[in-house]
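Student: Sequence plus the predicted model coming up.
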Protein chains: 2
Amino acid sequence: MNVVPPALERLINDLNRLPGIGKKTATRLALYLLRHSAVEARNLSRDLAELHDSIKLCGNCFTFSETDPCPLCADSSRDAGLVCVVEEPADMMAVEKTGAFKGMYHILHGVLSPMDGIGPAEIKIDALLSRIDRQQIREVLIATSSTVPGEATAAYLLQRLQDKKVKITRLACGIPMGMDIKYADDMTLSRAIESRENTG
Amino acid sequence: MNVVPPALERLINDLNRLPGIGKKTATRLALYLLRHSAVEARNLSRDLAELHDSIKLCGNCFTFSETDPCPLCADSSRDAGLVCVVEEPADMMAVEKTGAFKGMYHILHGVLSPMDGIGPAEIKIDALLSRIDRQQIREVLIATSSTVPGEATAAYLLQRLQDKKVKITRLACGIPMGMDIKYADDMTLSRAIESRENTG
C-alpha cells in the first residue's frame, strides 16, 4: 500500500527532478520540510515563485539580474574597456568572488557543442561581436572552462575576434595553488611547462 | 561586488537551510531552477505552498495523511489487531515498502532523548496506551531504530506496556542480508549470536 500522501509524493517528485537529488534525498528533504515549520516551506515556495518574475538577463552582459543594465554594467568605476567572456553566470560569480578582476563580463550562456545542436547562433557570440563594435573595448579575456567544449568555444571565439582591433587574452593554465606536482595530471603538467613564466 | 541578484540570493539561502545542502549545492540548485523552465520552479513552489495545507496527522496512527483517518487506518483488509510502533513516518514508509507487514502502525514522532528535553509526554506514547485500551489490539511490534535513543524508547515502552494484555514483539536484530560476517561490527555480531534461531 502506498502510504505517501499525494501532496508529499508530488513534492518528492519535484525535488527528485533537480540535479544530484535522488529519490531518497528528495524524500528526506520533503519530510524535513513537512516536519519543520510551515514558515520555512512557505518562504521557499514564495522565493521560488518570485524567481523567474524578478530575474531577467542584463541586455549588455547577459548575466542574471533584477535590473537592466545589471548593477555591474551600470557601475562606472569598473573598467569598461576589459571584458571577461565566461560560459555561465556561475562562472562570473566565481571570477567576481576572487576580487582580482575589475572589468566587465560577457556571459555566453553555453558552449559550442555540435552533438547537442548548440552552434554559434545558440550562444551569445554575435552579441559579443556587436558589443565590441559598439563599445570601446580594449581587451577580451576568454575565460571558458578548460574542458573540450570550453576549449573549442575559445578557439572559435579567437577566430571570430581576429579581425577586431582588440587584444585577446586567456586565463593561464597550470598547476593549481597548493598542489603537489607529482599528483598533477599529465595534461595540466604539460600545459604548465609550455606556459612556463619568465621570473628571473 | 556581489553579482548575485537578491531574489536568487534569497532562494540560495532558503535551500542552504535544508539538511545536507551546503552553500555550493544550494547555488547549483538555484541556478538550475533559474536556467531551466520557469514551469519547474513554479510547480515546486505550488507543491511547497500546498504541503502544509494538504497534509495533517491521522488521528489514529499519527502518520502524515491528507485524510483522517489515513487510507491505511481506514482499510478494513488490514489486521487491526497488530500494531507496529515506529519513530517517524519515514520508518513506516520503509516497513510498508517491504510488503511483509499487514497490520496497522503507530508513529511516535520522535524518540526519548532527555538531553534534548524529549520525555514521554513529547512523543505519542499516551496515545498508544489509550489506543490499546480502546481497540482490540493483540500484538504490539516495537520497531524503533537500534540506536541508543531507539533502544531506550523501546525499553521504556516495554515497561509501560507490561500491565496491558498484549503480546509485545521487537524487530529481529542480526546480520544484514548479503553481508559478509567478517565485516559485521562486534555489536551486531553479538546480537546475532544471542538471538540465534533454532532451525533444525
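Tutor: That came in fine, so what should we check first?

Student: buried set for the helix or strand of chain A with the lowest mean pLDDT?
Tutor: Between all helices and strands in chain A, the lowest mean by mean pLDDT, DSSP states H and E belongs to helix A:186-194, at a mean of 86. For helix A:186-194, the neighbour count (16 or more other C-beta atoms under 10 Å in any protein chain shown) marks A:188, A:191-192 as buried. Quick note: C-beta positions are derived from backbone N, CA and C, even for glycine.

Student: ranges for the strands of chain A?
Tutor: Ranges of strands within chain A are A:56-57, A:64-65, A:79-86, A:103-107, A:139-142, A:167-170, based on DSSP state E.

Student: How about the contacts made by the nearest residue to residue A:191 once chain neighbours are set aside?
Tutor: Counting by C-beta to C-beta, 6 or more residues apart in numbering or on different chains, residue A:173 is the residue found nearest to residue A:191 once chain neighbours are left out, at 4.3 Å. Going by C-beta atoms under 8 Å, 6 or more residues apart in numbering or on different chains, residue A:173 touches A:146, A:188, A:191-192, A:195.

Student: center of chain A - which residue?
Tutor: With distances taken as C-alpha atoms, centre = their mean, chain A has residue A:88 as the residue nearest its mean C-alpha position (2.1 Å).

Student: Dump stretch A:125-145 to PDB, restricted to CA.
Tutor: C-alpha atoms of stretch A:125-145 as PDB (Å, rounded to 0.1, in the frame of the first residue of the first chain):
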ATOM      1  CA  ILE A 125      28.600  35.200 -29.600                       C
ATOM      2  CA  ASP A 126      27.100  37.700 -32.100                       C
ATOM      3  CA  ALA A 127      26.100  39.900 -29.200                       C
ATOM      4  CA  LEU A 128      29.700  39.900 -28.100                       C
ATOM      5  CA  LEU A 129      30.900  40.900 -31.600                       C
ATOM      6  CA  SER A 130      28.400  43.700 -31.900                       C
ATOM      7  CA  ARG A 131      29.300  44.800 -28.400                       C
ATOM      8  CA  ILE A 132      33.000  45.100 -29.400                       C
ATOM      9  CA  ASP A 133      31.900  47.200 -32.400                       C
ATOM     10  CA  ARG A 134      29.700  49.500 -30.400                       C
ATOM     11  CA  GLN A 135      31.700  50.000 -27.200                       C
ATOM     12  CA  GLN A 136      35.300  51.000 -26.700                       C
ATOM     13  CA  ILE A 137      36.700  47.600 -25.700                       C
ATOM     14  CA  ARG A 138      40.500  47.200 -25.500                       C
ATOM     15  CA  GLU A 139      40.900  43.700 -24.300                       C
ATOM     16  CA  VAL A 140      38.800  40.500 -24.300                       C
ATOM     17  CA  LEU A 141      39.700  37.900 -21.700                       C
ATOM     18  CA  ILE A 142      38.400  34.500 -22.800                       C
ATOM     19  CA  ALA A 143      37.600  32.600 -19.600                       C
ATOM     20  CA  THR A 144      35.800  29.500 -20.900                       C
ATOM     21  CA  SER A 145      36.500  26.200 -19.000                       C
END
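
Student: what comes up buried for that stretch?
Tutor: Within stretch A:125-145, the residues that count as buried by 16+ other C-beta under 10 Å are A:125, A:127-129, A:131-132, A:137, A:140-145.

Student: In helices only, show me the residues you listed.
Tutor: If you go by DSSP state H, those have A:125, A:127-129, A:131-132 in helices.

Student: could the residues you listed go into JSON lines alongside distance to residue A:106 and pLDDT?
Tutor: Formatted as JSON lines, these follow (distance: C-beta to C-beta, whole Å; pLDDT from 0 to 100):
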{"residue": "A:125", "distance to residue A:106": "9", "pLDDT": "94"}
{"residue": "A:127", "distance to residue A:106": "8", "pLDDT": "95"}
{"residue": "A:128", "distance to residue A:106": "5", "pLDDT": "95"}
{"residue": "A:129", "distance to residue A:106": "10", "pLDDT": "94"}
{"residue": "A:131", "distance to residue A:106": "7", "pLDDT": "95"}
{"residue": "A:132", "distance to residue A:106": "9", "pLDDT": "94"}
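
Student: circling back: can you read off the pLDDT for the residue nearest to the centre of chain A?
Tutor: With respect to pLDDT, residue A:88 scores 92.

Student: What distance do you get for it to residue A:68?
Tutor: For residue A:88, the distance to residue A:68 equals 19 Å [C-beta to C-beta, to the nearest Å].

Student: same check, this time on residue A:128
Tutor: Residue A:128 is 17 Å from residue A:68, by C-beta to C-beta.

Student: same question, residue A:180
Tutor: Distance, residue A:180 to residue A:68, using C-beta to C-beta: 46 Å.

Student: ok so, going back, make CSV from the buried residues of stretch A:125-145 and add distance to residue A:94 to it.
Tutor: Putting the buried residues of stretch A:125-145 into CSV (distance: C-beta to C-beta, whole Å) gives the following:
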residue, distance to residue A:94
A:125, 21
A:127, 22
A:128, 19
A:129, 25
A:131, 22
A:132, 24
A:137, 22
A:140, 18
A:141, 14
A:142, 15
A:143, 9
A:144, 13
A:145, 11
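
Student: does chain B sit close to the lengthiest helix in chain A?
Tutor: Criterion DSSP H: the longest helix present in chain A is helix A:38-54. Yes: shown here: helix A:38-54 in contact with chain B (C-beta under 8 Å from any C-beta of the partner chain) through A:38, A:40-52, A:54.

Student: Please apply the same query to stretch A:56-68.
Tutor: Yes: contact of stretch A:56-68 with chain B (C-beta under 8 Å from any C-beta) involves A:63-66.

Student: Quick one: end-to-end length of that stretch, please.
Tutor: Criterion C-alpha to C-alpha, to the nearest Å; first-to-last residue distance in stretch A:56-68 is 8 Å.

Student: same deal with stretch A:64-75?
Tutor: 16 Å.

Student: Please apply the same query to stretch A:150-170.
Tutor: Counting by C-alpha to C-alpha, you get 12 Å between the two ends of stretch A:150-170.
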